[in-house]
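Peer 1: Fold the following, please.
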Amino acid sequence: MDFFAVITTLLTISSIFSYINARWIKLPGVIGVMLLAIGSALITIFAGKMLPDFTRLIQELSASIDFSSTLLDILLGFLLFASALHFDIKKLKSNLQGVLVISTVGVLLSTLIFAALLHYTLSYAGHDVPLIYCLVFGALVSPTDAVAVAALLKNTRMPSRLETIINGESLFNDGIGIVLFITFVNLAATPGSQFSLTHTGLLFAQEVFGGLLLGLLLGAVAYRMMRVIRDFQTIVMISLSLVMMISLVGSMLHVSIPLAVVAAGLLIGSKPFSDNEESRLNEYLERIWGLLDELLNTILFVLIGLQLVMVSFSLDYFVAGAFAIVILLIARMLSIVLPIAFLKRSLSIQYNSVGILTWGGLRGGISVALALSLPASPYRELILTASFCVVVFSILVQGLTLNKVVHKLLENKPAS
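Peer 2: Presented below is the predicted three-dimensional model:
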């Protein structure tokens with residue numbers, strides 16, 4: 001398929017799935033369209049001969065789209081900017097310490113705990129997966145996904161403080177997650193190489209601080225341009241070009257594009273475009289980006305579902321995926337409990353919030369995209385299939401039951 005045919009087919013399929021869900025299934029939007037996309041992929045795999053034209057269409061569409069680069073290089077910037085633009089900066093400041101600890105120390109703890117438990121569990125089950133590949137797997141599934149979190153927390157009855165922590169964590173945890181992922185992938189690709197704390201620290205500084213600096217600089221320039229004009233069309237065009245420029249320059253400088261667009265979105269979303277209290281330019285811009293966020297989210301979750309055609313249908317891999325789901329929830333819980341135990345006063349997070357923070361730590365397309373970017377190895381297919389299992393469980397099961405879990409856990413206890 002050529003570029004126009006791919007875009008047309010993808011948008012049409014997304015529109016049809018969205019209509020079917022809104023008309024008959026009536027699940028939350030992104031969950032419904034992803035479920036339909038998974039169903040389409042299963043039809044392609046298991047009943048392809050019965051529907052040859054439909055099967056050919058899905059296969060050609062999936063083969064024509066590089067999901068990893070499409071998400072990481074194109075869609076992610078727009079989706080994160082939209083989330084950051086709507087984020088309440090005052091709530092973030094009041095919960096900043098908790099957000100930073102969970103998004104850094106928490107991700108590191110989750111990765112290490114997950115890798116150790118998975119390595120032991122798979123070895124006990126007769127599957128010898130080296131620890132370094134378990135660390136790679138842990139690095140790509142431990143960070144929560146800002147896109148999935150933003151999409152699925154919109155209609156929950158979660159307490160405002162916990163929602164702020166989960167949303168804030170998902171916006172900022174990509175930095176350490178990507179650094180860990182790159183470090184462990186390089187170690188796995190060069191057997192016998194030694195872990196270098198200095199190299200990892202420099203990589204972390206480049207990715208995190210470089211990304212934040214780039215986002216703040218370009219965001220400040222864009223804000224100054226927006227502030228001196230009243231033409232709303234031009235303001236929207238500046239915001240769109242800002243995200244594109246961050247993605248382009250960030251890839252050239254090898255800094256964190258997710259953190260850069262988050263920094264720019266928070267800066268612009270927290271400042272008014274005019275001293276006139278009657279000006280509603282900020283509100284209009286947020287509405288435009290809110291609509292764009294909904295459209296791109298629908299397309300993204302359709303893409304995630306269709307990635308099932310890329311998964312190897314091996315029973316062993318799905319068993320590993322089932323283990324990974326349980327172990328990841330345990331690792332997530334421990335990565336929250338341990339910081340609370342040592343920093344309870346400064347974090348101001350109560351133990352009765354752990355269950356909600358654990359279940360609300362959703363994974364999404366970024367984990368699948370990183371798994372697809374893995375170089376060839378004997379364990380690539382296992383990690384990809386198991387990652388897909390984790391993401392599907394997170395979105396379909398955790399996403400659908402999050403309200404019930406919140407209600408049950410807070411039924412007799414107010415959360416802090």
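Peer 1: Going by C-alpha atoms from here, please, whenever you check contacts or count neighbours.
Peer 2: OK.
Peer 1: and Leu218, what does it touch?
Peer 2: Contacts for Leu218 (Cα atoms under 8 Å, 6 or more residues apart in numbering) come out as 242, 246, 264.
Peer 1: Find the nearest non-adjacent residue to Phe184, please.
Peer 2: Val136 (5.4 Å; Cα to Cα, 6 or more residues apart in numbering).
Peer 1: ignore the last one, Gln398
Peer 2: Gln398's closest residue in space is Trp359 (Cα to Cα, 6+ apart), at 6.4 Å.
Peer 1: Count the residues that sit near that neighbour.
Peer 2: Neighbour count for Trp359, taken as other Cα atoms under 10 Å: 19.
Peer 1: From Glu163, how far out is it?
Peer 2: From Trp359 over to Glu163 the distance is 12 Å, taken as Cα to Cα, to the nearest Å.
Peer 1: ok, then the element right after the helix ranked longest in the chain?
Peer 2: Secondary structure of the chain per DSSP state H: the longest helix is helix 315-347. Sequence-wise, the next helix or strand downstream of helix 315-347 (DSSP states H and E) is helix 354-359.
Peer 1: Show me what that following helix packs onto, helices and strands only.
Peer 2: Secondary-structure packing of helix 354-359 (3 or more Cα pairs under 8 Å, 6 or more residues apart in numbering; DSSP states H and E): helix 315-347, helix 399-409.
Peer 1: how close does Asn297 get to Ala148?
Peer 2: Remark: distance between Asn297 and Ala148 (Cα to Cα) = 9 Å.
Peer 1: So for the two, which residue has more residues nearby?
Peer 2: Remark: of Asn297 and Ala148, Ala148 carries more neighbours, 26 against 22, as counted by other Cα under 10 Å.
Peer 1: wait, what's in contact with that one?
Peer 2: So Ala148 contacts 362-365, 395 (Cα under 8 Å, 6+ apart).
Peer 1: Please identify the one among the contacts of Leu218 that lies nearest to Ile288.
Peer 2: Distance to Ile288, by Cα to Cα, is smallest for Leu242 among the contacts of Leu218, at 15.0 Å.
Peer 1: Name the helix or strand for Glu381, please.
Peer 2: If you go by DSSP H and E, Glu381 is part of helix 380-392.
Peer 1: Let's test this: mean pLDDT of that helix, rounded?
Peer 2: Taken as a whole, helix 380-392 carries a mean pLDDT of 96.
Peer 1: Next: stretch 110-127.
Peer 2: 94.
Peer 1: Could you give the number of residues near the closest residue to Ala22 other than its chain neighbours?
Peer 2: Excluding its sequence neighbours, the residue lying closest to Ala22 (Cα to Cα, 6+ apart) is Gly29, at 7.5 Å. Neighbour count for Gly29, taken as other Cα under 10 Å: 20.
Peer 1: repeat for Leu11
Peer 2: With neighbours defined by other Cα under 10 Å, the count for Leu11 comes to 17.
Peer 1: Can you verify my assumption that it contacts Ile299?
Peer 2: Yes - with contacts counted by Cα atoms under 8 Å, Leu11 reaches Ile299, the gap being 7.0 Å.
Peer 1: low-scoring pLDDT stretches of the protein, where are they?
Peer 2: Along the chain, segments meeting pLDDT under 70 span 277-279, 344-346, 348, 412-416.
Peer 1: hmm, what's the outermost residue in it?
Peer 2: The outermost residue of the chain relative to its centre, with distances by Cα atoms, centre = their mean, is Asn276 at 36.7 Å.
Peer 1: Could you find the closest non-adjacent residue to the most centrally placed residue in the chain?
Peer 2: By Cα atoms, centre = their mean, the chain has its centre lying nearest to Asp145, at 2.3 Å. Nearest-residue entry for Asp145: Arg363, 4.9 Å, with adjacent residues in sequence omitted and distances by Cα to Cα, 6+ apart.
Peer 1: Just list what the helix or strand where Ile7 lies packs against, helices and strands only.
Peer 2: Using DSSP H and E, Ile7 falls within helix 3-20. Applying 3+ Cα pairs under 8 Å, 6+ apart, one finds that helix 3-20 makes contact with helix 29-46, helix 52-64, helix 281-306.
Peer 1: quick one: it to helix 29-46, angle?
Peer 2: Helix 3-20 and helix 29-46 meet at an angle of 110 degrees, taking axes from the mean of the first three to the mean of the last three Cα atoms, to 10 degrees as the criterion.
Peer 1: Other residues contacting helix 3-20?
Peer 2: Contacts for helix 3-20 (Cα under 8 Å, 6+ apart): 29, 32-33, 36-37, 61, 64-65, 298-299, 302.
Peer 1: what's the most distant pair in those residues?
Peer 2: Taking Cα to Cα as the measure, the contacts of helix 3-20 span a maximum distance of 25.0 Å, between Gly29 and Ser64.
Peer 1: distance of Ala151 from Pro28?
Peer 2: Here Ala151 is placed at a distance of 9 Å from Pro28 (Cα to Cα).
Peer 1: quick one: which of those two has more around it?
Peer 2: Ala151 (21 against 16).
Peer 1: ok, the more buried one touching Leu79?
Peer 2: No - using Cα under 8 Å, Ala151 makes no contact with Leu79, being 10.0 Å away.
Peer 1: where do the contact lists of those two overlap?
Peer 2: With Cα under 8 Å, 6+ apart as the test, Ala151 and Leu79 both reach Asn297.
Peer 1: The host helix or strand of Ala264 versus helix 281-306: what angle between them?
Peer 2: Using DSSP H and E, Ala264 maps to helix 257-269. Per the same axes, to 10 degrees, the angle that helix 257-269 makes with helix 281-306 is 150 degrees.
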